[in-house]
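**Student:** Could you look at this predicted model? Sequence included:
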Amino acid sequence: MRREITMQKTTGRPQLKENLKFFLTASMKGISQVLLIDNAVTGFFILLIITSTSIFLGIITLLSTIIGTLIGIVGGADKESVTQGLFGFNSVLTGIALALFMNGPYHWIIALLGAALAAILAAAMMHAMKPLGIPVLSAPFILITWFTLLVSYRLKAFTLTSELVPQDLARWKLDTTGKVDWTEGAFYGIGQIFFLHETIAGVLLFLAVFWAGWRLGIFAIMGNLTALLASYWLGGEHTLIFMGLYGYNGILAILAVAIVFNDNKGWIQPLLSGILAAFLTVPLTASITTLLLPYGLPALTMPFILSTWIILGARKVLPKL
Amino acid sequence: MRREITMQKTTGRPQLKENLKFFLTASMKGISQVLLIDNAVTGFFILLIITSTSIFLGIITLLSTIIGTLIGIVGGADKESVTQGLFGFNSVLTGIALALFMNGPYHWIIALLGAALAAILAAAMMHAMKPLGIPVLSAPFILITWFTLLVSYRLKAFTLTSELVPQDLARWKLDTTGKVDWTEGAFYGIGQIFFLHETIAGVLLFLAVFWAGWRLGIFAIMGNLTALLASYWLGGEHTLIFMGLYGYNGILAILAVAIVFNDNKGWIQPLLSGILAAFLTVPLTASITTLLLPYGLPALTMPFILSTWIILGARKVLPKL
Amino acid sequence: MRREITMQKTTGRPQLKENLKFFLTASMKGISQVLLIDNAVTGFFILLIITSTSIFLGIITLLSTIIGTLIGIVGGADKESVTQGLFGFNSVLTGIALALFMNGPYHWIIALLGAALAAILAAAMMHAMKPLGIPVLSAPFILITWFTLLVSYRLKAFTLTSELVPQDLARWKLDTTGKVDWTEGAFYGIGQIFFLHETIAGVLLFLAVFWAGWRLGIFAIMGNLTALLASYWLGGEHTLIFMGLYGYNGILAILAVAIVFNDNKGWIQPLLSGILAAFLTVPLTASITTLLLPYGLPALTMPFILSTWIILGARKVLPKL
């Protein structure tokens, strides 16, 4: 006992350094986990990409992952989950989304409070889904964001940007005209995951994914392609397709189903089930957007989550899927 | 090892025959399981009834149950579930519903893809509900059908028949006038389960149920009667009641609660809890229809599912229910 | 064996008395459990308060808790749950809510049938949530009440009071003007839990809570204060705030999170997590009300339930929360 105390004393400095390193790694992985990647360098690279697009968003991203990671540590979560960045990524997404969708002088406070709540809800959902052996993915982010956006109709301190408008489904008309731009389509999708709308940001994000593993990169491209072609071929709105709004869920779904939550290291089974998952996000994006129309809410990553949950759940009963 | 191989070789032909028989039985049970019945002859009889009403629907039914059963086999599900037709019935229902509610030249492709997805979602839901010891029933069918219908507002390749119209609840007026026709009411209910609208089809379906067991038949009649009288007495719309739209959920609920998922072989407890379940489907039909009004979606078998889940779940805590 | 029989015979009278006492205690606790309190005297006191406001509501309350408790006993539930009043409180809430929201000559029958159903749904949800180790709280009451209110749009026997009007979110305008009355705000909140709108009823209900434990009383006041100040400060509608419509969920949430479902007997952790839970009910009240606007449904205790579920669930992964 005494010996330990002595040791702690003498190693005080190095341990602080150790702790700080652990904390920074976990925080950066919190950013990379948005793309289901467990890699601190990729996370740091993504932080740079976001910051170069908007310094404000960069700060929100950094603070959000720090808040989420801190809640994991202070709340007493098991160290492994914290190290992998599992308490950070829902906070990152929530922080960015609320910073962009909310308005008014204090919207950054709401964004950071939302980031904190996202980590708490993530913990609750981890507990609820543990018996199923299915990951919570970014569902906590979606729930916190949707509920916060709805708050604005009742509490004055919450104001929405003008982008989000509730509409009546009975009076909705589908309009698929609009220009076709495959370059934008190719790179806007991955940017949309972080709410970025620049071709260069998309290119750099793909590089960040390739850094973490060339297999991840190839599958990400395949997922994007699948969703892009499917949405175009099925007659989606061009304005949405070439903004990448059909693509980003495909990228996330293929990474989750084919690689991250798949034991099969071959090519055929991962590719088939991954492409199925990516394809599924297209009709899911269409239906979820319709379901949310009367509330003026964005679909966010919900299509990816539902598609992934269905395939991962089905795989427990149909192991060859 | 070698011996097995030899045996497989010499028994190649008979085994193929065996496999085909197994496959056909499972597929026919996939049709009878729509009525919660595990009987291949009843399934085949139902297939004939559907085909005699519409050859197109008959083909869709056959292909759907084959697709669902195949997914169970190829996906590697445990053989018992496949044999009982548990991978077929959600596909059958989804195939028929989408073939009827969707329009355009390729609606049968959407129907069959929906049938395939229904089997995959069924697997995922079986996994999720296993710890509860509660069956998934036809919930996968409902979710796939609702989501597919909603897709039509965003993807041009999906077009709805004009039957489904979103309406504003604030401007809804209840109109219970309309003719009273107890004969139609008596036989349209069971037909509605398979989306059939003919008295003769209803009569034959009741016969198919009686074939599987006279107890099933008697209870089916009781369930229909309960729902019919309750909806009339509580003031439901005559146009819906005598189209059988209040009755079919009552039939399914009484079969599930009183017989199929009930260990009690007596009469009093099954009859009481079964009639309670059938009765409950009436207010549930009313409320679910209201909830879906702004989206123009049909209630399908949701009232039966909720009623059955409530009673079966409650029975785990209140064993005498 | 014989001896037991003899004893039962000779003790027939006293046992009847014993059973009656058990039944009455359980029924009164069914009323106190609405406030998460396991205390028959508090329950009886609350019954008096309700009855003194309205004899009709008092009778409904008494009959509802009796119905719920009877269903627990006759259904064969484990005795401990019944004794604690766990089968009564959802019935009490449902009975009162439906008696107030429904109209027409037979609305009291609907209220009592609803009370019976609430006990059955409570049993089903207890089973479903048991593996999670999270209490069902008053969720069964909310589901039964919402569904029953929606029934009115389709079955003539169900008629709503004019209070509940579906509205279009697209045409909704937030109006926060209205008088500020902190006295009403202070005492209307706890009254709202039982749908009472009198200052004196609120004062007496606080006394009933203090009777069960001064710690409960102090926390109840803190929860009310948190929700009241937060909703005022965030710019809620004055008409709602000072009717207590933002306060009552805060009271319930702090009691659940800080005391009833908390092993920590100290002050700091309970106070912090309890105030967090009470605070959370404010944005949740705002968002749930928005979500229900197109259906004209009241939020009831849903904000309390979601807030409590989130914190209790998160605590399983973040034990220091």
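**Tutor:** Arrived safely, thanks for sending. Residues are numbered from 1 along each chain as shown, chains lettered A, B, ... in the order given.
**Student:** just checking, residue A:164 touches residue A:298?
**Tutor:** Yes: using CB atoms under 8 Å, residue A:164 is in contact with residue A:298, at 7.1 Å. For glycine as for every other residue, the C-beta is placed from the backbone atoms N, C-alpha and C.
**Student:** At the contact with chain C, which residues of the stretch 101-250 of chain A appear?
**Tutor:** Contact residues (CB under 8 Å from any CB of the partner chain) of the stretch 101-250 of chain A with chain C: A:117, A:120-121, A:123-128, A:131, A:146-148, A:150-151, A:153-158, A:165-168.
**Student:** Mark which of these are buried, thanks.
**Tutor:** For those, a neighbour count by 16 or more other CB atoms under 10 Å in any protein chain shown gives the buried set as A:117, A:120-121, A:123-128, A:146-148, A:150-151, A:153-155, A:157-158, A:166, A:168.
**Student:** okay, now the residue lying closest to residue A:155 once chain neighbours are set aside: neighbour count?
**Tutor:** Excluding the flanking residues, the one nearest residue A:155 by CB to CB, 6 or more residues apart in numbering or on different chains is residue C:234, at 4.4 Å. Close neighbours of residue C:234, defined as other CB atoms under 10 Å in any protein chain shown, add up to 19.
**Student:** just residue A:247 next, same as before
**Tutor:** 35.
**Student:** how close does it sit to residue A:214?
**Tutor:** Separation of residue A:247 from residue A:214 (CB to CB, to the nearest Å) stands at 20 Å.
**Student:** so how far does stretch A:28-37 reach from one end to the other?
**Tutor:** 11 Å (CA to CA, to the nearest Å).
**Student:** does chain C sit close to that stretch?
**Tutor:** No: Stretch A:28-37 is not in contact with chain C by CB under 8 Å from any CB; minimum separation 15.7 Å.
**Student:** neighbouring contacts of that stretch?
**Tutor:** With contacts defined as CB atoms under 8 Å, 6 or more residues apart in numbering or on different chains, stretch A:28-37 is touched by A:38-44, A:46-47, A:61, A:65, A:68-69, A:83-89, A:91-93, A:138, A:193-194, A:205, A:208-209, A:212-213, A:216, A:251-252, A:255-256, A:260.
**Student:** Domains in chain A, by residue range?
**Tutor:** Per the record, chain A has its domains at A:1-164, A:166-321, by automatic domain parsing.
**Student:** Could you dump those domains into a markdown table with mean pLDDT added?
**Tutor:** Shown next, in a markdown table, are these (pLDDT from 0 to 100):
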| stretch | mean pLDDT |
| --- | --- |
| domain A:1-164 | 91 |
| domain A:166-321 | 94 |
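**Student:** Scan chain A for its longest helix.
**Tutor:** If you go by DSSP state H, chain A has its longest helix at helix A:268-292.
**Student:** Centre of the chain to it, how far?
**Tutor:** Put simply, helix A:268-292 sits 16 Å off its chain's centre (CA atoms, centre = their mean, to the nearest Å).
**Student:** List the buried residues in it.
**Tutor:** Within helix A:268-292, the residues that count as buried by 16+ other CB under 10 Å are A:270, A:273-292.
**Student:** which residues touch the closest residue to residue A:318 other than its chain neighbours?
**Tutor:** Spatially, and ignoring its direct neighbours in sequence, residue A:318 is nearest to residue B:75 (2.9 Å; CB to CB, 6+ apart). Contacts for residue B:75 (CB under 8 Å, 6+ apart) come out as A:314, A:317, A:318, A:319, A:320, A:321, B:120, B:123.
**Student:** and which of those is nearest to chain C?
**Tutor:** Closest to chain C out of the contacts of residue B:75 is residue A:317 (18.8 Å), distances taken as CB to the nearest CB.
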